[in-house]
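K.L.:
Structure for the following, please:
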Amino acid sequence: MTIQEFFGSLQDRVDPAKTEGMTGRYVFDVEGVGQWTVAVDDGAISVAEGAGEADCTITASEKTLTKIVNGESNPTTAFMMGKLKIDGDMGAALKLQKLF
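P.N.:
Purely as a prediction, here's the structure:
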């Protein structure tokens, strides 16, 4: 799955029960590819292309993020290795594991 396909289908693929009670806004900055803002509001997910207001920004290469979304890499390991950068609320970023 490409990054564009991932963000294009995210709101249809996430189980609302997994994000129930979760609220936050996240910007994904994929180096050389683009930016997407993902908003989670008590089970509802919306995705918009471009960067907007966010609790945190996640920056990674296309290769790193593709491996994470395809289940080939662990996001925590990628962060510890410096392949995934988080700017903003770290607690909010940790909640993102419910989306993957």
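
K.L.:
Pull out the buried positions in the helix or strand where V30 lies.
P.N.:
Per DSSP states H and E: V30 is located in strand 23-31. Under the neighbour-count criterion of 16 or more other Cβ atoms under 10 Å, strand 23-31 has G24, R25, Y26, V27, F28, D29, V30 buried. Bear in mind the C-beta positions are built from the backbone N, C-alpha and C, glycine included.

K.L.:
Make sure the fifth one is actually in contact with W36.
P.N.:
Yes. Contact status for F28 versus W36: in contact at 4.9 Å, counting by Cβ atoms under 8 Å.

K.L.:
what's T57 in contact with, if anything?
P.N.:
Contacts for T57 (Cβ atoms under 8 Å, 6 or more residues apart in numbering) come out as Y26, V27, F28, D29, A51, I86, D87, G88.

K.L.:
ok, now how distant is it from E31?
P.N.:
12 Å (Cβ to Cβ, to the nearest Å).

K.L.:
repeat for K67
P.N.:
K67 is 14 Å from E31, by Cβ to Cβ.

K.L.:
coming back round to it: pick out the most distant pair among the contacts of T57.
P.N.:
Using Cβ to Cβ, the contacts of T57 span at most 14.6 Å, a distance reached by A51 and I86.
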